[in-house]
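Enquirer: With the input below, show me the fold.
(one chain, ligands or ions: 2)
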Amino acid sequence: MAVQKKTSPRKSNTVRLKFDTAWPYSPAPESKSAAQIKPQYDLFINGEWQKPLTKKYFKTINPASEQVLSEVADAGEADVNKAVNAARAAYDKHWKNMPAKERGKYIFRIARIIQERARELAVIETLDGGKPIKESRDFDIPAAANHFFYYAGWADKLEYAFPNRRPEALGVAAQIIPWNFPLLMTAWKIAPALATGNTVVLKPAETTPLTALTLADIIRESDLPPGVVNIITGAGNTGAAMVNHPDVNKIAFTGSTEVGKIIQRSIAGTDKKSTLELGGKAANIIFDDAPIDQAVEGVINAIYFNQGHVCCAGSRLYVQESVAKEVIRKLKDRLESLIVGDPMDKNTDIGAINSRSQLDIIHKYIKIGKMEGADMYESSCKLPGKGYFVRPTMFTNVAQSNRIAQEEIFGPVLSVLTFRTDDEVIEKANNTPYGLSAGVWTDKGSKIFNMTRRMKAGVVWANTFNKFDPASPFGGYKESGFGREGGLHGLSAYVNLRNL
Ligand code: NAI
Ligand code: MG
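Expert: Ligands and ions are numbered 1, 2, ... in the order given. Presented below is the predicted three-dimensional model:
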């Protein structure tokens, strides 16, 4: 990475956009009545709610209002030990020897109950995490149910997934997830682990524990044998205790590259298996032969979806020089028409930033972008007086070496760069420490194949972005981590393959 020169911000490089919408939408708030959030949650261990041995609880808030929603248990080492022991006992007693067809039935049941309780889960997800209700309702919760359905189908067909091999479960999986897709990440972790015959201790992120805890209730309702899935809450120390527990066979982690590296260091020399899904700085490339309007909409979806709290967000846009002016003009118009505000309003496109600390990170990078001399555009929208909000922001005239083009911001901030030739854009797109995803917009199939072959990214979308399917593997190159989730690849992360 190039050395940064410190410059002072130019006053003239910030533009607040102005766009007159003739008829603003009237508010259409979703009702909170579907969600029954308890004032306090204990730890879900061995099929029952257990008080934390630490006797400590911490609060989870609604980032859109800064109001406390509930308090959840803060699991210490002894609690982690209890959960791992419960998972081990369940593995030995029930799960290891259960016929695969029976295992599959439980997973199907969980999927069905998620569907039945979809509205409640969507409301809780939005209240606890700040994402727009239309996303939790139309994407997160249905995708979580789909994931359970998909892996339920594999449970009794593993011999076809791994022909001529004998797949064996690993044992107890410790699973640690972030706050950007709380229930969906829970599903990505639990479903393939159960389908392959493992038992689980899962920890949601400290700012968004409530849908995973509601899933604990769903798991009880499904009659899954006690201890097969344990859900415990806490922050980094709880996660570290899970990683370091000697009786854990597998670590599955999604989160920051920094913590991913800590985890790798702490399991070095043990026989624990691991998959790490870490950060990203995806390149989204628009060629001059692309359908520009669709591409612009795709770029908006790629970076402003879920407030940019997406590890595979298309946060670097490369536009071919000849169409750059048109694309940037259209992006500015579209930026200005995005609806920012109450996540519970069904019209909202951009909800609340997940936490105060993430808001600070985003503000820090906006400042860095200005210092680096890029031109900044932000929507003129009014932000709510309370809660953690930021205007959707776009930087143009960004240099490849700028920090806003190299580092993960994890917010609704787009960096726009230009290019002339295929070779140039490949070189630039691959020039980051990350390699999780990328996007290509062009009319030519041959160009798509050429680009996807040369791009060092785990997922490359063509003429679309941020599309997910349980059958399709997801994961990164380089500092974006290793291992794949989803599809057949996702199964292999939870088994040892023996010869017949
Ligand atoms: P984080 O990596 O600290 O948190 C993710 C999960 O790991 C949480 O459940 C947390 O409690 C747990 N954790 C924290 N320290 C741990 C440790 N030492 N051992 C085991 N588990 C531990 O991410 P954070 O601080 O919330 O976000 C910081 C930055 O990370 C963001 O600004 C963003 O750039 C990136 N990030 C990337 C995500 C992705 O999906 N790739 C998700 C969340 C954050
Ligand atoms: Mg919260």
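
Enquirer: which bits of the stretch 401-500 of the chain sit near ligand 1?
Expert: Proximity of the stretch 401-500 of the chain to ligand 1 (Cβ under 6 Å from any ligand atom) is limited to residues 408, 410. C-beta here means a position set from N, CA and C on the backbone, and glycine is covered the same way.

Enquirer: from the stretch 401-500 of the chain, which residue is nearest to ligand 1?
Expert: residue 410 (3.7 Å; Cβ to the nearest ligand atom).

Enquirer: Tell me how many other residues surround residue 415.
Expert: For residue 415, the neighbour count with other Cβ atoms under 10 Å is 28.

Enquirer: just checking, it touches residue 314?
Expert: No: using Cβ atoms under 8 Å, residue 415 is not in contact with residue 314, being 10.3 Å away.

Enquirer: Common neighbours of the two, please.
Expert: Common contacts of residue 415 and residue 314, defined by Cβ atoms under 8 Å, 6 or more residues apart in numbering, are absent altogether.

Enquirer: Distance from the chain centre to whichever helix or strand residue 78 is part of, please.
Expert: With secondary structure defined by DSSP states H and E, residue 78 is part of helix 77-90. Taking the mean of its C-alpha atoms, helix 77-90 sits 27 Å from the chain's own mean (Cα atoms, centre = their mean, to the nearest Å).

Enquirer: which helices and strands does whichever helix or strand comes after that helix pack with?
Expert: The helix or strand immediately downstream of helix 77-90 is helix 100-116, counting by DSSP H and E. Contacts defined by 3 or more Cβ pairs under 8 Å, 6 or more residues apart in numbering; DSSP states H and E place helix 100-116 against helix 141-154, helix 182-195, helix 210-221.

Enquirer: Any residue of the helix or strand just after helix 100-116 touching ligand 2?
Expert: Next along the chain after helix 100-116, taking DSSP H and E as the criterion, comes helix 118-129. Yes: counting by Cβ under 5 Å from the ion, contacts between helix 118-129 and ligand 2 involve residue 128.

Enquirer: so which of the helices and strands packed on helix 100-116 comes closest to ligand 2?
Expert: In terms of Cβ to the ion, the element of the helices and strands packed on helix 100-116 nearest to ligand 2 is helix 210-221, at 7.0 Å.

Enquirer: Could you pull up the residues touching the residue of the chain found nearest ligand 1?
Expert: Nearest residue of the chain to ligand 1, counting by Cβ to the nearest ligand atom: residue 239, 2.2 Å away. Going by Cβ under 8 Å, 6+ apart, residue 239 touches 176, 203, 259.

Enquirer: Would you mind marking which of those are also close to ligand 1?
Expert: Restricting these to those near ligand 1 by Cβ under 6 Å from any ligand atom leaves 176, 203, 259.

Enquirer: host element of the residue of the chain closest to ligand 1?
Expert: Secondary structure from DSSP H and E places residue 239 in helix 236-244.

Enquirer: pretty sure residue 231 is in contact with residue 217, am I right?
Expert: No: if you go by Cβ under 8 Å, residue 231 and residue 217 don't touch, sitting 9.8 Å apart.

Enquirer: which regions of the protein sit below the pLDDT cut-off?
Expert: The model of the chain has pLDDT under 70 over residues 1-12, 18-22.

Enquirer: Spell out which residues of it are next to ligand 1.
Expert: Contact residues (Cβ under 6 Å from any ligand atom) of the chain with ligand 1: 176-178, 180, 203, 205-206, 235-236, 239-240, 243, 254-256, 259, 262-263, 277-279, 311, 358, 361, 408, 410.

Enquirer: just to revisit the earlier point, deepest-packed of the helices and strands packed on helix 100-116, please.
Expert: Highest mean neighbour count of these: helix 182-195, a mean of 28 (counted as mean count of other Cβ atoms under 10 Å).

Enquirer: what's downstream of that one, the next helix or strand?
Expert: Next along from helix 182-195, by DSSP H and E: strand 199-203.

Enquirer: for that following strand, the distance to its chain's centre please.
Expert: Distance, centroid of strand 199-203 to centroid of chain: 18 Å (Cα atoms, centre = their mean).

Enquirer: What helices and strands are in contact with it?
Expert: helix 77-90, strand 172-176, helix 182-195, strand 229-231, helix 236-244.

Enquirer: hmm, back to that, separation between the residue nearest to the residue of the stretch 401-500 of the chain closest to ligand 1 when sequence neighbours are not counted and residue 238?
Expert: Using Cβ to Cβ, 6 or more residues apart in numbering and skipping the chain neighbours, the partner closest in space to residue 410 is residue 309 (5.8 Å). According to Cβ to Cβ, to the nearest Å, residue 309 stands 22 Å off from residue 238.

Enquirer: okay, the two: which has more neighbours?
Expert: Counted by other Cβ under 10 Å, residue 309 and residue 238 do not tie: residue 238 has more neighbours, with 25 against 22.

Enquirer: So the more buried one versus residue 73, what's the distance?
Expert: 10 Å.

Enquirer: Could I get the contacting residues of residue 250?
Expert: Residue 250 makes contact with 170-174, 193, 198, 272-274, 493-494, according to Cβ under 8 Å, 6+ apart.
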